[in-house]
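Novice: Build me a model from this:
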Amino acid sequence: MFEQFDPIVLARFQFAFTVSFHFIFPAFSIGLASYLAVLEGLWLKTGSIIYLDLFKYWRKIFAVAFAMGVVSGIVMSYQFGTNWSVFSDKVGPVIGPLMAYEVLTAFFLEAGFLGVMLFGMEKVGPRLHFISTCLVALGTFISAFWILSANSWMQTPTGYEIGANGQFLPGPSWLAIIFNPSFPYRLVHTVTAAYLTTALTVGAVGAWHLLKDKTNPHARKMFSMAMWMAAIVAPLQILVGDAHGLNTLEHQPAKVMAMEGHYQSHPDGAPLILFGIPNPEQNRMDHVIEIPKASSLILKHDPNAALAGLDTIAKDKQPPVAILFWSFRVMVGLGMAMLGLGLISLVARFKKRLYDWSLLHRLAVMMGPSGFVAVIAGWVTTEVGRQPYTVYGLLTTAQSVSPLAAPAVGASLLAFIIVYCSVFSAGLWYLFKLMGQAPTGGEDAGEPGPIRSAGTTPAMGIKPTTQPAE
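Specialist: Here you go, the predicted structure:
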């Protein structure tokens, strides 16, 4: 069935499929864990029961998303030993310890305190429970730290030595490996994207319920918090993305050339191509809509600065332009739409129409999935732009793949597609069902404990309030 396919292409597609499916869950759980910590902290500070209700509402959703992320992440590690065994052998001395640090720090921290966060509020008391929530949020960040350090080293490898058998070995300083040139930019850009993705999801859920009932105080509160986050983080993300782009231009110029669609060099200032059809056969962009010299202005801060094109890169060393060109524009286009949503929400807030402007609510619902699409588009840009290498400039993808026949890789790919589409579709359906339930002032009302059984919270000695959302 798969005899006519290239096993390298099948192996790459299999990893792309599984990592794309997996990445949407950490992109959500990283931001949602921090949101839960904020909600619980505000409840402890103000005594307002509305924050506790929202905490319990989103805690259920976090538990399901976190579990799906763990399960989908386990699958990827097996592919290093099956489809990418040569890569694992070559880079194992460097990548292996980084992945182990992620397990020993982040995963153990999350595993140790997740149960307390999910089930221990009535067992350990509010303050200790809040510490557990913060530690789970910290664990998600530490996990991103190590995973992105490993990935960034593959993009901008430093601090290594080449052994006698061709393996990449750690050099004198692990800090040079961990804090490689692209890592700080990729870490901030990815974590900020996770926060923005979560804000858009929370905002979409709040807007959905406001369209049904504009007086729901819980929907008002979550929508207000989400729109503040979008208005603040969206412009910040654009600035961080610009800095990341400049770093990429320095260390991976071919990736930027493909992103910009610059087949040819521009000695007197390069245009910003807004739209075009990549034509790899003729090494040009067709049907171009462009802004003269704008690319040089953005990348070099000088409209007349020279920018090299793909004509300076050997054909077999160039990344696929069409994929990069469009994935980058999807990411940037959605980023600008997020900025627009944040600005509109500020206008609505200024006019005191944040909770009764149906058009804004419909826009927020439409933008709900945009964060997930944008992070996948960004990840495609990052990974496809590294081609034809797995370790940029040093180890090619063709040198990294296991000696497997196409039918073997194709059969496992087909199995992954069937299992993922069936099992995870059920999980996603359940997530949507939880989000579709209107948040009310009685989340988990049947749980034992003092929080709902009396007018005060004994552990804090304060009177709970049900102040309207601002």
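Novice: for residue 165, helix, strand, or coil?
Specialist: At residue 165, secondary structure determined by DSSP: H, G, I helix; E, B strand; the rest coil is coil.
Novice: just the strands in the stretch 251-400 of the chain please.
Specialist: When assigned using DSSP state E, counting those that start in this stretch, the strands of the stretch 251-400 of the chain occupy the ranges 272-279, 284-291, 389-391, 395-396.
Novice: Looking at those strands, which is nearest to residue 18?
Specialist: Taking C-beta to C-beta as the measure, the strands of the stretch 251-400 of the chain were each checked against residue 18, and strand 389-391 came out nearest at 16.1 Å. The way it works is simple: take the backbone N, C-alpha and C, and place the C-beta from them, glycine included.
Novice: What pairs with that closest one, parallel or antiparallel?
Specialist: strand 395-396 (antiparallel) (DSSP bridges).
Novice: List of residues touching the strand it pairs with?
Specialist: Where contact means C-beta atoms under 8 Å, 6 or more residues apart in numbering, the residues beyond strand 395-396 that reach it are 87, 90, 91, 168, 388, 389, 390.
Novice: Stretch 226-239 now?
Specialist: For stretch 226-239, the external contacting residues (C-beta under 8 Å, 6+ apart) are 189, 192-193, 195-196, 198-200, 202-203, 206, 335-336, 338-339, 341-343, 345-346, 349, 354, 364.
Novice: Quick one: buried ones out of these?
Specialist: Listed as buried from these are 189, 192-193, 195-196, 198-200, 202-203, 206, 335, 338-339, 341-342, 345-346, 349, 354, 364; burial here means 16 or more other C-beta atoms under 10 Å.
Novice: out of those residues, which are inside helices?
Specialist: Secondary-structure check on the buried ones among the contacts of stretch 226-239 using DSSP state H: residues within helices are 189, 192-193, 195-196, 198-200, 202-203, 206, 335, 338-339, 341-342, 345-346, 349, 364.
Novice: Need the contacts of strand 395-396 in CSV (columns: pLDDT, neighbour count and distance to residue 436).
Specialist: Compiled in CSV, the contacts of strand 395-396 are given as follows (pLDDT from 0 to 100; neighbours: other C-beta atoms under 10 Å; distance: C-beta to C-beta, whole Å):
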residue, pLDDT, neighbour count, distance to residue 436
87, 90, 21, 42
90, 92, 23, 48
91, 92, 25, 44
168, 93, 22, 48
388, 92, 16, 45
389, 92, 21, 44
390, 91, 22, 42
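Novice: Farthest-apart pair in those residues, please.
Specialist: The distance between the two most remote of the contacts of strand 395-396 (C-beta to C-beta) is 17.7 Å, for 168 and 388.
Novice: any idea how far residue 130 is from residue 142?
Specialist: Distance check for residue 130 against residue 142: by C-beta to C-beta, to the nearest Å, it reads 19 Å.
Novice: Also residue 417?
Specialist: As it turns out, when the distance is counted by C-beta to C-beta, residue 417 lies 32 Å from residue 142.
Novice: Show me which of those two is the more surrounded one.
Specialist: The residue with the greater number of neighbours, taking residue 417 and residue 142 and applying other C-beta atoms under 10 Å, is residue 142; the counts read 18 against 15.
Novice: Could you find the closest non-adjacent residue to the more buried one?
Specialist: Nearest residue to residue 142 in three dimensions, chain neighbours excluded: residue 106, at 3.9 Å (C-beta to C-beta, 6 or more residues apart in numbering).
Novice: related to what we said a few turns ago, could you dump the strands of the stretch 251-400 of the chain into TSV with distance to residue 258 added?
Specialist: Below are the strands of the stretch 251-400 of the chain laid out as TSV (distance: least, C-beta to C-beta, whole Å):
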stretch	distance to residue 258
strand 272-279	9
strand 284-291	11
strand 389-391	14
strand 395-396	17
